[in-house]
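Asker: Give me the fold of what follows.
(2 chains)
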Amino acid sequence: MSKNKVSLIKEFTKGLWDENPVLRMLLGLCPTLAVTNSAINGLSMGLAVLFTLTSSSLIISIFRKIIPKEVRIPTFIVVIATFVTITDLTLAAKFPEISKALGPFIPLIVVNCMILGRQEAFASKNPVGRSIIDALGMSLGFTLTLTVLGAIRELLGAGTIFTLQIMPESFAPWMIMILPPGAFLTLGLMIGAANWINAKVKA
Amino acid sequence: MELFVIFLSAVFVNNYVLSKFLGICPFVGVSKKLGPSLSMGMATTFVMTMAAAVSWLIYYNILLPNNLTFLKIVSFILVIASLVQFVEMFIKKISKPLYNALGIYLPLITTNCAIMGVALFLVDKQYNFVESIIFGFSAGVGFTLAIVIMAGIREKLELADVPEYFKGAPITMIVAGCLALAFMGFAGMI
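Answerer: Predicted coordinates for the structure are as follows:
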């Protein structure tokens, strides 16, 4: 029992750092780069992925024994696409500003390789509880990374975090950080920093 | 003229990889060598053009008249997945050399968000049929351009003295950032 408990916690925390989808596995990079021009956009994208990934993992894990092996990928894609549609329509109805800011990147969650990857690597092979824990851990890792990335870019590009003024008035915003090149540069530096921290921790 | 503007805009100004961030996975994954990245670019251009045509037809002839637009995401992804499968079989049948050049990259294209992106953007921008095909084709050309430039830089980068923790993905991202900066220079073109 206690062993099981420990490994459940591990299942959850591995997504936060050891197997962080963005920083360690380089999955789901398109939304990571595209929507993180502010912390709030990063957070909303993360939450949208959290909902989609957890629900798809739940469904796939329940049906894992009856899905024929040959058609598993199309099955996963249809399940994911269904939940993405739900997310897309819900956001458009309840949070029109967020839906507008994220634009076509909400429908594009369907081709986020991280979600398909989790179904293939985990949910289709593990019991329901474990799959949900895994999905939650992974998507929280994803959300955290996106929020941090968004916060860094927003801080340097506009002097704010979550639209709160942080930098002094005299700070001249680095426009480049909220434009596309800033996304690549910041993510590159973050992955490099993650590699460095990992090497230091292991040593 | 209109068509030419669409072409220029998709290749340079709104380059799919460097300013819309679509197709980043193959951009990072397959850009190690010049040859394979050119093949990947060609395969993507081919599928993109086909996908643009087919998803336009499906959206305006089946989904819209029947009020089924909420099935947009599901039907586009199915169209793309089956199209890729079909293209693969077709190429295998008619041209062995082309299949050998593109073959292994075709299945990867299904999860390339750039293809899905083209399908979604052409609905978003309300292009007509011809415009959609041109749009799909030029987005593919833009993707090829970006990935080929990237591969050229990465081949040189192999010889460079990169800090240890920045080898691989991080330096690729930073180089992509510089490329994106350069491509921003095209913004005034249109």
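
Asker: what's the helix or strand for residue A:114?
Answerer: helix A:113-118 (DSSP states H and E).

Asker: Show me what that helix is packed up against.
Answerer: On a contact count with 3 or more C-beta pairs under 8 Å, 6 or more residues apart in numbering or on different chains; DSSP states H and E, helix A:113-118 meets helix A:39-62, helix A:72-94, helix A:128-158. C-beta here means a position set from N, CA and C on the backbone, and glycine is covered the same way.

Asker: Spell out whether the longest helix along chain B and chain A are in contact.
Answerer: The residue-count maximum for a helix in chain B (DSSP state H) belongs to helix B:129-157. No - shown here: helix B:129-157 not in contact with chain A (C-beta under 8 Å from any C-beta of the partner chain), separated by at least 11.2 Å.

Asker: Going by contacts, tell me the helices and strands next to that helix.
Answerer: Using 3+ C-beta pairs under 8 Å, 6+ apart, helix B:129-157 sits against helix B:2-8, helix B:24-29, helix B:34-58, helix B:113-124, helix B:169-184.

Asker: Does the fourth one reach chain A?
Answerer: Yes - contact of helix B:113-124 with chain A is found when judged by C-beta under 8 Å from any C-beta, involving B:113, B:115-117, B:120-121, B:124.

Asker: Most neighbours out of these, which is it?
Answerer: Using other C-beta atoms under 10 Å in any protein chain shown as the neighbour test, the residues of helix B:113-124 next to chain A are led by residue B:115, with 32 neighbours.

Asker: Relative to residue B:55, how far out is that residue?
Answerer: Here residue B:115 is placed at a distance of 9 Å from residue B:55 (C-beta to C-beta, to the nearest Å).

Asker: Quick check: neighbours shared by the two?
Answerer: Common neighbours of residue B:115 and residue B:55, counting by C-beta atoms under 8 Å, 6 or more residues apart in numbering or on different chains, are residue B:80.

Asker: lowest confidence element among the helices and strands of chain A?
Answerer: When each helix and strand of chain A is scored by mean pLDDT, DSSP states H and E, helix A:2-13 comes last, with a mean of 73.

Asker: For the lowest-mean-pLDDT helix or strand in chain B, buried residues please.
Answerer: Lowest by mean pLDDT, DSSP H and E among the helices and strands of chain B is helix B:106-109, with a mean of 73. Buried positions in helix B:106-109, judged by neighbour count with 16 or more other C-beta atoms under 10 Å in any protein chain shown: B:106, B:108-109.

Asker: Just the pLDDT for the closest residue to residue A:154 other than its chain neighbours.
Answerer: Leaving out its chain neighbours, the residue that sits closest to residue A:154 by C-beta to C-beta, 6 or more residues apart in numbering or on different chains is residue A:38, at 4.4 Å. Here, the pLDDT recorded for residue A:38 equals 90.

Asker: mind checking how far residue A:38 is from residue A:161?
Answerer: Going from residue A:38 to residue A:161 by C-beta to C-beta gives 9 Å.

Asker: same check, this time on residue B:84
Answerer: Between residue B:84 and residue A:161 the distance is 41 Å, computed by C-beta to C-beta.

Asker: higher neighbour count, the two?
Answerer: For residue B:84 versus residue A:161, neighbours defined as other C-beta under 10 Å are more numerous around residue B:84 (22 against 18).

Asker: Report the secondary structure state of the more buried one.
Answerer: With DSSP: H, G, I helix; E, B strand; the rest coil as the basis, residue B:84 sits in helix.

Asker: Who's the closest spatial neighbour of the residue nearest the centre of chain A, skipping the chain neighbours?
Answerer: By C-alpha atoms, centre = their mean, the mean C-alpha position of chain A lies nearest to residue A:142, the distance being 3.1 Å. Closest residue to residue A:142 apart from its sequence neighbours, by C-beta to C-beta, 6+ apart: residue A:21 at 5.1 Å.

Asker: Output the below-cut-off pLDDT ranges for chain B.
Answerer: Across chain B, the ranges flagged by pLDDT under 70 are B:102-104, B:111, B:190.

Asker: Point out where chain A drops to low pLDDT.
Answerer: If you take pLDDT under 70 as the line, chain A has these spans: A:1-6.

Asker: 80 - rerun?
Answerer: Low-confidence segments of chain A, defined by pLDDT under 80: A:1-6, A:203.

Asker: who's in contact with residue A:135?
Answerer: Applying C-beta under 8 Å, 6+ apart to residue A:135 gives the contacts A:53-54, A:56-58, A:118, A:122-123.

Asker: What is the nearest of these to residue A:69?
Answerer: Closest approach to residue A:69 among these (C-beta to C-beta): residue A:123, at 14.5 Å.

Asker: Quick check, that closest one in contact with residue A:53.
Answerer: No - using C-beta atoms under 8 Å, residue A:123 is not in contact with residue A:53, being 9.1 Å away.

Asker: Need the three-state assignment for the most far-flung residue of chain A relative to its centre.
Answerer: Residue farthest from the centre of chain A, counting by C-alpha atoms, centre = their mean, is residue A:170 at 34.2 Å. Secondary structure for residue A:170, judged by three-state DSSP, is coil.

Asker: how deep is residue B:13 tucked in, by neighbour count?
Answerer: Residue B:13 - counted by other C-beta under 10 Å - has 18 other residues nearby.

Asker: ok, for it, nearest residue in space, not its chain neighbours?
Answerer: Using C-beta to C-beta, 6+ apart, the nearest residue to residue B:13 is residue B:186, at 5.1 Å.

Asker: Now do the same contact list for residue A:158.
Answerer: A:38, A:173, A:178.

Asker: you'd agree the last one is up against residue A:36?
Answerer: No - distance between residue A:178 and residue A:36: 9.3 Å, which falls outside the contact criterion (C-beta under 8 Å).

Asker: what do those two both touch?
Answerer: Counting by C-beta under 8 Å, 6+ apart, the residues touching both residue A:178 and residue A:36 are residue A:153.
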